[in-house]
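In: Curious how this folds, go ahead:
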Amino acid sequence: MAFYPSRSRSYSRPKIGRIRKRIHIYPVLIIFFIAIVFIYGRYLLSTNKAETSAVLIDTEAENQTSSLMIVTPMQEPKPQPEIILPEIALENTSQSNPDAAQCINEVTLLINTKPDSIIEARDKLNQSLSISMSREQQTAIKLKLSELADKWLFSRTIFPQDKLCSDYIVKPGDLLKRIGEQHKVPWEILKEINRINQPEMLQAAETIKVIHGPFHVKIYRSTFTMDLYLQDTFVKSFPVGLGKSGRETPKGLWIVKPGGKMISPPWTDPDTSKRYEADNPNYPLGSRWIALEGVEGEAKGRVGFAIHGTKKPEQIGTADSRGCIRLRDNDVILMYNLLMPGFSRVQVLE
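Out: The predicted structure follows:
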């Protein structure tokens with residue numbers, strides 16, 4: 001006979017006690033679970049909120065930056081004052097100046113009535129070049145100064161009150177070269193104006209004319225012109241040839257290089273490395289070479305440039321050289337006799 005456990009036995013007192021104990025544990029677990037969920041939920045909520053706030057701040061910052069970049073007007077740069085060289089301003093002035101016209105008339109009258117007043121006339125005309133005037137007036141004044149220079153400078157005559165030329169009594173042991181160095185001019189110009197055939201035969205107690213140097217030149221690229229000055233007094237103008245496109249003659253200040261004056265030196269073509277002697281029909285330098293050293297502006301540090309002659313005088317007044325300054329042969333010989341190495345300045349302007 002099969003035996004089945006009685007239902008009533010399952011509710012025995014010990015078993016009921018165990019069930020009651022379990023019933024008491026469940027609320028505790030539920031409370032504990034709810035507490036964990038509550039705490040963890042707040043943490044997640046605060047983290048998301050912080051991240052959301054950070055994103056919003058970044059977005060707002062970007063929006064504000066973008067807004068500022070759009071709204072803030074850009075400031076235009078202040079215009080810089082234009083620097084104009086006096087030489088350029090004088091060359092480009094188109095209006096006549098009554099003061100310049102009056103000066104020309106006064107000097108013309110002075111020379112016609114007092115032929116010996118050449119120095120006074122020279123100084124007045126030279127001073128007038130510092131004022132603004134038309135190109136025609138400036139050309140007229142320079143032409144008149146050039147005519148006067150043939151009398152007071154390129155002659156044996158010495159005029160009273162001339163501070164640029166004077167007498168010199170030769171001392172025992174003097175050499176013409178040394179006398180020239182003392183006065184900052186080459187000995188060649190002293191030989192020429194004093195008509196000295198043999199400088200080595202210079203006699204003590206002999207009186208000669210000396211020039212108080214140095215000479216300088218200003219070169220204007222826009223007009224292909226070289227202006228010669230003795231100290232700050234205008235002497236003559238010469239037409240020149242200058243550097244072609246891509247090899248323009250550098251603007252700025254140069255000095256005549258010590259030891260850089262030569263007569264018909266050999267020349268090597270920098271492009272082909274071919275060497276030319278002076279007797280070669282294709283020799284391009286003419287009879288004189290006056291080497292230059294760049295000291296200021298675009299010229300600073302530049303080498304290989306010079307004032308020299310040419311066998312193609314038809315190119316004077318054009319831009320056809322490789323950067324050097326070309327003169328007609330007679331003009332470059334004169335310039336060779338006037339410019340003093342280490343002292344004479346060569347200023348290249350536009």
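In: Can you show me the helices along the protein?
Out: Assigned by DSSP state H, the chain shows helices spanning 7-10, 13-71, 86-92, 98-113, 118-128, 135-152, 176-182, 187-193, 329-338.
In: so who does the closest residue to Gly252 other than its chain neighbours touch?
Out: Nearest residue to Gly252, sequence neighbours excluded (C-beta to C-beta, 6 or more residues apart in numbering): Gly297, at 2.5 Å. Where you see a C-beta, it was placed from the backbone N, CA and C, and this is true even at glycine. Gly297 is in contact with 250-253, counting by C-beta atoms under 8 Å, 6 or more residues apart in numbering.
In: which of the residues you listed lies closest to Ala205?
Out: Nearest to Ala205 among the contacts of Gly297 is Leu253, at 41.6 Å by C-beta to C-beta.
In: What does the pLDDT read for the residue nearest the centre of the chain?
Out: For the chain, Gly297 is the residue whose C-alpha lies nearest the centre (C-alpha atoms, centre = their mean; 2.9 Å). On pLDDT, Gly297 comes in at 97.
In: For it, give its distance to Pro239.
Out: Separation of Gly297 from Pro239 (C-beta to C-beta, to the nearest Å) stands at 23 Å.
In: now Ala205
Out: 43 Å.
In: In terms of neighbours, single out the busier of those two.
Out: Pro239 (16 against 8; other C-beta atoms under 10 Å).
In: Quick check: that one touching Glu314?
Out: No: Pro239 lies out of contact with Glu314 (C-beta atoms under 8 Å); the separation is 11.5 Å.
In: number of nearby residues for Glu136?
Out: 11.
In: Pull the number of nearby residues for the nearest residue to it once chain neighbours are set aside.
Out: Leaving aside its sequence neighbours, Glu136 sits nearest to Ser96 (C-beta to C-beta, 6+ apart; 7.5 Å). Counted with other C-beta under 10 Å, the neighbours of Ser96 add up to 13.
In: Next up, phi/psi of Ser96, please.
Out: phi -70, psi 150 (degrees, to the nearest 10).
In: give the contact list for Lys184.
Out: Each residue near Lys184 by C-beta under 8 Å, 6+ apart is listed here: 212-214, 340, 343.
In: Tell me the spacing between it and His212.
Out: From Lys184 to His212 the distance is 8 Å (C-beta to C-beta).
In: With Leu143 instead?
Out: 24 Å.
In: Tell me which of the two has more neighbours.
Out: His212 (15 against 12).
In: ok, that one - contacts?
Out: Per C-beta under 8 Å, 6+ apart, neighbours of His212: 163-166, 183-185, 230-231.
In: at 6 Å instead, please
Out: 164, 183 (C-beta atoms under 6 Å, 6 or more residues apart in numbering).
In: do Lys244 as well
Out: 319-320.
In: per-residue pLDDT, it?
Out: Predicted confidence (pLDDT) for Lys244: 94.
In: so Glu298 makes contact with Trp254?
Out: No: judged on C-beta atoms under 6 Å, Glu298 makes no contact with Trp254 at a distance of 10.4 Å.
In: neighbour-wise, which of these two wins?
Out: Trp254 (28 against 14).
In: Show me what stretch 149-169 is in contact with.
Out: 118-119, 207-212, 230, 235.
In: Quick one: neighbours of Arg326, just the number.
Out: 29.
In: measure it to Arg302 for me?
Out: Counting by C-beta to C-beta, the gap from Arg326 to Arg302 is 17 Å.
In: List the beta-bridge partners for Ala306.
Out: Partner residues in beta bridges with Ala306, using DSSP bridges, are Ala291.
In: any low-confidence regions in the stretch 1-150 of the chain?
Out: 1-94 (pLDDT under 70).
In: need the longest strand for the protein.
Out: strand 252-263 (DSSP state E).
In: pLDDT averaged over it, what's the number?
Out: Here the average pLDDT along strand 252-263 is 97.
In: and stretch 242-249, which residues are buried?
Out: By neighbour count on 16 or more other C-beta atoms under 10 Å, the buried set for stretch 242-249 is 242-243, 249.
In: Tell me the one of those residues nearest Val332?
Out: Leu242 (14.2 Å).
In: re earlier: buried among the contacts of stretch 149-169? Make that a PyMOL selection.
Out: Buried members of the contacts of stretch 149-169, defined by 16+ other C-beta under 10 Å, are picked up in PyMOL with:
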select buried, resi 118+119+208+209+210+211+230+235
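In: coming back round to it: name the helices or strands packed onto the longest strand of the chain?
Out: strand 288-296, strand 345-349 (3 or more C-beta pairs under 6 Å, 6 or more residues apart in numbering; DSSP states H and E).
In: Only alpha carbons, please: show that strand as CSV.
Out: Written as CSV, here are the backbone C-alpha positions of strand 252-263 (Å, rounded to 0.1, in the frame of the first residue of the first chain):
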residue,chain,number,x,y,z
GLY,A,252,71.2,102.6,-52.8
LEU,A,253,74.6,104.0,-51.8
TRP,A,254,77.9,102.8,-53.1
ILE,A,255,81.5,104.0,-52.7
VAL,A,256,84.4,103.8,-55.1
LYS,A,257,86.2,100.6,-54.1
PRO,A,258,89.8,101.1,-52.9
GLY,A,259,92.1,99.6,-55.5
GLY,A,260,89.2,99.1,-57.9
LYS,A,261,90.1,101.7,-60.6
MET,A,262,91.7,100.0,-63.7
ILE,A,263,92.5,100.9,-67.3
